[in-house]
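**Q** Sharing a sequence plus its predicted fold:
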Amino acid sequence: MGQGSWRKEKTLWSMSLVMVVAVVLSSCALFPPLPLTPDPPPGMVLVPAGDFLMGSTPADGAVGIQVGVDELPQRTVYLKSFYIDQYEVTNRQYADYVKTGRGYAPATWNFTQHPLGRQGKRWPVGTLPPGEENHPVTDTDWYDARAYCAWAGKRLPTEAEWEKAARGTDGRQFPWGNDVDPRKANTMESGLQWARAVGSYPEDVSPYGVYDMIGNVAEWVSDWYHPYPGSTLTRDAFGKHPVLRGGSWATPVYPFARVAARLPVELLPMDQRDPNWHTGFDKGFRCAKDVK
Ligand SMILES: [Ca+2]
């Protein structure tokens, strides 16, 4: 090979390299790398950032004079990405927390007037209700739920986060769509009068794969009860109580177990709490977590 030919080849090779680099750089400009989202923590799912329809329209929310009016007006809400538990927190999970001494065992099984006749059965530290290890923990009030989530390195979801996780972005009334079907969730129509193991209803699942948002137990969220932006509703309860979301085995699927339904519940002040206070057999929770 002559020296001139070698220089020509070297020049062509250099030009090719420059062109390749230019193409790569322009591709990067056109298609910037997507931000990496870490895998969800165990037992949680990712709800991606974006808008969703929150609240109800007068047609699907205002059932009667008062029911549903606190879900108005429906509006578009943007949320950044977050994680949420795929299932309600279970007795087994809560027992691990109780064993640390940070919380007390729920009073659920110490209730002497249980509708199914379960009498005098305590839920002592470290002893789970036999056969109900994977049932949702109940009789936990808002403070209990918040403390558990903090212990687990998580937090309670906001009302908006809970609702988006339950219905997706399109404003549907139930996780599965808009048809009122009491067979798809553990609501009052099941006749069980009790919770079942979490995830027992495969159709009570949201577009993000979150289970039991309609039935089983109602769930505490972090927000306290306030009117939605744009609402002219006035209620004495506004600003005074935390909120439960979702229906339960004790509520009919319609209208109380729609994903937009809100239930404010009176809470004992911290200094008046009693470990034997029965918050309710049908009240539980799940946790959420920020995406870092
Ligand atoms: Ca639930």
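**A** Everything's here; your move.
**Q** Could you tell me which residues of this structure lie near the ion?
**A** Residues of the chain found near the ion (CB under 5 Å from the ion) are 212, 216, 246. Bear in mind the C-beta positions are built from the backbone N, C-alpha and C, glycine included.
**Q** For the last one, grab phi and psi.
**A** In this case it means Gly246. Main-chain torsions, Gly246, degrees, to the nearest 10: phi 80, psi 160.
**Q** In the stretch 51-200 of the chain, what residue comes closest to the ion?
**A** Here the residue of the stretch 51-200 of the chain nearest the ion is Glu88; by CB to the ion that distance is 5.4 Å.
**Q** Tell me the spacing between the residue nearest to that residue when sequence neighbours are not counted and Arg102.
**A** Ranked by CB to CB, 6 or more residues apart in numbering and with sequence neighbours excluded, the top spatial neighbour of Glu88 is Pro136, at 3.8 Å. Counting by CB to CB, to the nearest Å, the gap from Pro136 to Arg102 is 19 Å.
**Q** for Asp60, same thing?
**A** Asp60 is 41 Å from Arg102, where distance means CB to CB.
**Q** And the helices in the stretch 51-200 of the chain, which stretches?
**A** Ranges of helices within the stretch 51-200 of the chain are 58-61, 91-99, 142-151, 159-167, based on DSSP state H, counting those that start in this stretch.
**Q** I'd like those as JSON lines, with mean neighbour count appended.
**A** Below are these laid out as JSON lines (neighbours: other CB atoms under 10 Å):
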{"stretch": "helix 58-61", "mean neighbour count": "15"}
{"stretch": "helix 91-99", "mean neighbour count": "19"}
{"stretch": "helix 142-151", "mean neighbour count": "19"}
{"stretch": "helix 159-167", "mean neighbour count": "25"}
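**Q** and those helices as a markdown table, adding mean pLDDT?
**A** Formatted as a markdown table, these follow (pLDDT from 0 to 100):
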| stretch | mean pLDDT |
| --- | --- |
| helix 58-61 | 81 |
| helix 91-99 | 91 |
| helix 142-151 | 95 |
| helix 159-167 | 98 |
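**Q** Let me have these in CSV, extended by distance to Ser222.
**A** CSV is the format used below for the helices of the stretch 51-200 of the chain (distance: least, CB to CB, whole Å):
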stretch, distance to Ser222
helix 58-61, 22
helix 91-99, 18
helix 142-151, 7
helix 159-167, 8
